[in-house]
Structures are given as structure tokens and as C-alpha cells.
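**Q** sharing a sequence plus its predicted fold:
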Amino acid sequence: MQGMIAFAQELYIYTEPASNIPAKALSAKLTATYAEKMDNNIAQRYTSAIYLGLSKNIMLKAAATFADMNTSYFRYESFSLYGKYRFLSKDEAHKHFRMAIFADGSISRSPYRYEEIALMGDKSGAEAGLVATQLIHKLAISGTVSHTQVLDKSRFEKGVDYERPYQAMNYALSAGYLLLPLKYESYQQTNLNLYAELLAQQTLDKKRYYIDLAPAAQLIFNSNTKLNLGYRFQLGGDMTRMARNSFLISLEKTFFEAL
Amino acid sequence: MNRFIILIISVLCFGSNIQAQFSKATLQATGLTCALCSNAINKALGKLPFVESVQSDIKNTAFNIRFKSGSEVNVDALKTAVENAGFSIGSLKLTGNFQNLKVQNDQHIRIGNANYHFLNIKDQVLHGEKTITIVDKNFVSDKFFKVVKSYSNKACVQTSKASHCCPDVVTGSRIYHVTI
């Protein structure tokens, strides 16, 4: 259901910023996504992920999903690997401009049910993209573009044309704002960040599209633990999807100097 | 007994070659606003073997560092810690206790086990507690580094290492460029 990998250092719920987690850091994250199926039952997906800061510029993520979004019963669904390389970083006082390239691959057990192309649980495939982030004091803005190739076995069946999209371009425009605390005094203060993300996809072979809006809120505890709450809904589109809106809740803990 | 006392005093005065010891530093980091980012730098600095304690000023993204007494401060390790956390150094000021150290503008001088190159100063004698600022590349903003380069014609200012410009320092060895 999710169009893009969901993680952020202190940023973004549905996409990745150009920044990585610190070198030698390890993050553990649990995400629960809930959506209403066509038959009015609630579909669920649970994602468990581990992030590794290999260097200041390279980050790796391994994730597994368990769901009943594409099947009638709950089961292990997919495994994916994601890597991001930050190749540009211009830092100033309370500001930065960063760029990174990323690539990920996923192997999913789910049958190809809906046209929406997503690797985090829905479909097997590979993706590569570019992200740029600008931080200005309490506001962070990111732009992301990526290309996905679905490697579902139905694509390679000889003599059959399912007339399904297997290739897509993905676009995202994300903004996050640090609302609280008003004044920084200690690492024990709880932080509140608000986000709004525009997430769009355009399939290339069989032409379909969607554009979603995803507002979200994030609480950060002890400057190492994040609690994210998001709601994502379709603004426009013509592709078949498991659901046109979903709720997300996730918890992530970062362990510094862990590797 | 008198000879013993004289021996002890002699060892204390001439036994150690260190003419300065850094006791603390103020480090300003750039590229961040939030506390989680600041915490990453805080943890990385605290893990350095020569660091006694770190006090963070989250609002100003600054860190007041106390060094373990008697230990050699590795200035480049401070920069690596900040960069590995994902950020950059905006400024680094080291405070030390100097004992009649004569410093001249645009000249190299060896302090302890490291080479220093004082820039943009009046020739003077450092005595007592003094604070010096590192002005090497990536220890100051790119904009300010352009100004630093104008302080000397020596190539070591650009590379942070001794080359043909510095016959008095072993080629390739690290030179810390500083100002007061």
C-alpha cells in the first residue's frame, strides 16, 4: 500500500530525506498500517525494519512485512533491502542542503492484485531514485523522484498479456516543521513535528496515475525515540488500489554508537 | 634530602616536553536544528578516549567539551566525530594552559606532539590560560576559509599538511592552522 519506503532521521513519515542515520548507529522500527478493504474489513500490514549507519554517507535498511492486504489471511509477505548514498552535503548554521541516491529491492509473496506499484510488501521489484533536502531552521523540504520496475512472475509469462503496469515513476514533495519545543533546553524534552507529503505515481507501460496527500505528526522522546502517526489519502487517480486511504502508526528507536 | 628535592623539581620542570595542555573546547556544529541530531553529535564526542565530559547547548548547536587531564587532544578526531554523526564543524576553539610559549605570525611551532601554524596574530608570548581557534579547512565555514587563505602564502594552509612551503616541518605531517 505504501508508495515509498517510510523512515526518517527526524524527518518524514512516508519518504526518506537525503540525510542518513549517524555512522555506527542502529535503528529498529515497527510500523503498523491499516486500510479499509473493498469488503469493508480492515486490512493490516506490520513492517519490522533495521537501519544501519555504515558510514556518514551510506545507510542500509532491511525490512520484512507481514500482512493480509493482498491475501484473505494474515501471513509473512515480503523482504526488502534498501541502500542510500549521500553524495552532497552543504552545512551552515541551522541549515543544510543535501542530496542522495538510493536503490532498493523487494521480494514479495503477494499475488499481483492491484495496479498500484509499491515495493514495501505489495510487489517484487527494484527501484532507484534521487532525493534532495533543504533544511532552513525548523522547516525541512524534500523532493524525491524514483523509477520502479516490478519483477512479478506474471510479467514474464510467455504468450499472456495481463495488460498490467509493471513500470512506474514516483514523485514526492515532503515538508516537515518542528513545532515543539519552542525553546530547546534539554535532550529529555519531547519534540513535536508536523508533516505534509504529496506522493504521486505515474505508471509507464499501461498508463495510470495517482496523487496522494499524507499529513502526519511525529513525537520524539529523549532525543532517540520516534512515534509517528500518519493518514494518507488519494487526491486523484485512475489506478486500482488496495485502498484509497490508510492509517499508519510507527515506533522507532535509534541506538547511537552501536556498531 | 635536599638533593632529592632538587631532583624532583628538576624532573617536574624539564621532564615533560609539553609547553601547553588543552583543558577544554567549545565546538559549534552546522547542518542541524533538532535535538535528536544534536544528541548524535553529543554521543559521538563523548565516546572519544580523551574527552572527560560534553555539555550540549542544543539551541545554538554548540558543545562545551572538557578533556581528560594529561591526555593528548586529537583535534582531527573531534571533526571526524561530528562528520560521522552526519554534520560539520562551524567553529572549534581550544582553551589551554601555556607556559611562556613564544608564537610568531605565519610561523610554524611545535607544541607537544603536534605542529601549529599561527595566522593573523601579533607576535607574542602565550602564558597562562589562552583560547585558540582552529581555522583549517572544514573547521570553519567555506566562506570564512576563503579569508583564512589570505592570511598566508604557504601551501600548507590549503592542504593542512606540510609540503615544500614548510622546510622546518616533516613533509606530509599534519599542521594545525590556528588564530587567537
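**A** On my side now, so go ahead.

**Q** sec struct for A:Met38, please.
**A** Put simply, A:Met38 is coil when judged by DSSP: H, G, I helix; E, B strand; the rest coil.

**Q** if I look at it, how far off is A:Arg241?
**A** Going from A:Met38 to A:Arg241 by C-beta to C-beta, to the nearest Å gives 10 Å. Where you see a C-beta, it was placed from the backbone N, CA and C, and this is true even at glycine.

**Q** now swap in A:Leu199 and tell me
**A** A:Leu199 is 12 Å from A:Arg241, where distance means C-beta to C-beta.

**Q** please apply the same query to B:Arg110.
**A** Here B:Arg110 is placed at a distance of 69 Å from A:Arg241 (C-beta to C-beta).

**Q** looking at the two, which one has more neighbours?
**A** Higher neighbour count among B:Arg110 and A:Arg241: A:Arg241, with 22 against 12, using other C-beta atoms under 10 Å in any protein chain shown.

**Q** my guess is that one meets A:Phe233, correct?
**A** No: between A:Arg241 and A:Phe233 there is no contact under C-beta atoms under 8 Å: 11.2 Å.

**Q** and for these two, which residues touch both?
**A** When contacts are counted by C-beta atoms under 8 Å, 6 or more residues apart in numbering or on different chains, A:Arg241 and A:Phe233 have no shared neighbour.

**Q** quick one, what contacts the closest residue to chain A within chain B?
**A** Minimum separation of chain B from chain A (C-beta to the nearest C-beta) falls at B:Gly31, amounting to 3.1 Å. When contacts are counted by C-beta under 8 Å, 6+ apart, B:Gly31 touches A:89, A:91-92, A:95-96, A:135, B:37, B:86-88.

**Q** nearest to A:Gly105, of these?
**A** A:Gly105 has its nearest neighbour among these in B:Gly86, at 25.0 Å by C-beta to C-beta.

**Q** tell me which stretches of the chain form strands.
**A** If you meant another chain, say so; for now it's chain A. A:26-36, A:42-53, A:58-67, A:75-92, A:95-108, A:125-136, A:139-150, A:167-180, A:191-203, A:209-221, A:225-237, A:245-255 (DSSP state E).

**Q** to clarify, I was referring to chain B.
**A** Along chain B, the segments classed as strands by DSSP E run B:20-30, B:51-57, B:62-67, B:88-103, B:107-111, B:114-118, B:124-134, B:175-179.

**Q** averaged pLDDT, the first one. What do you get?
**A** Going back to what we said before, that points to strand B:20-30. Summarised as a single mean, pLDDT over strand B:20-30 is 92.

**Q** what does stretch A:82-99 rub up against?
**A** Under C-beta under 8 Å, 6+ apart, the answer for stretch A:82-99 is A:5, A:16-20, A:56-63, A:100-104, A:130-137, B:28, B:30-33, B:61, B:87-88, B:90, B:141.

**Q** what's the PyMOL syntax to select whichever of those are buried?
**A** Filtering the contacts of stretch A:82-99 down to the buried ones (16 or more other C-beta atoms under 10 Å in any protein chain shown) takes a single PyMOL command:
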select buried, (chain A and resi 5+16+17+18+19+20+56+57+59+61+63+100+102+104+131+132+133+135) or (chain B and resi 28+30+31+32+33+61+87+88+90+141)
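
**Q** and residue 121, what pLDDT?
**A** Unless you meant another one, I'm taking chain A. With respect to pLDDT, A:Gly121 has a value of 88.

**Q** meant chain B actually
**A** pLDDT recorded at B:Ile121 is 96.

**Q** that one: how many residues sit nearby?
**A** By other C-beta under 10 Å, neighbour count at B:Ile121 equals 17.

**Q** residues in contact with it?
**A** B:103, B:105, B:179-180.

**Q** one step back: name the nearest residue to the residue of chain B closest to chain A, sequence neighbours excluded.
**A** Spatially, and ignoring its direct neighbours in sequence, B:Gly31 is nearest to A:Asp91 (3.1 Å; C-beta to C-beta, 6 or more residues apart in numbering or on different chains).

**Q** now do the contacts for the nearest residue to A:Thr71 once chain neighbours are set aside.
**A** Leaving out its chain neighbours, the residue that sits closest to A:Thr71 by C-beta to C-beta, 6+ apart is A:Ser110, at 6.7 Å. Going by C-beta under 8 Å, 6+ apart, A:Ser110 touches A:67, A:69-71, A:77-78, A:121-123.

**Q** now stretch B:22-32: how far from the chain's centre is it?
**A** Distance, stretch centre to chain centre, for stretch B:22-32: 11 Å (C-alpha atoms, centre = their mean, to the nearest Å).

**Q** how about stretch A:149-161?
**A** Worked out by C-alpha atoms, centre = their mean, stretch A:149-161 lies 26 Å from the chain centre.

**Q** so which bits of it are buried?
**A** By 16+ other C-beta under 10 Å, the buried positions in stretch A:149-161 come out as A:149-152, A:155.

**Q** and it, average pLDDT?
**A** Regarding stretch A:149-161, the rounded mean pLDDT is 92.

**Q** what residue ranges in the chain are flagged as low confidence?
**A** Chain wasn't specified; assuming chain A. Residues of chain A meeting the criterion pLDDT under 70: A:1-10.

**Q** correction: the question concerned chain B.
**A** For chain B (pLDDT under 70), the answer is B:1, B:6-20.
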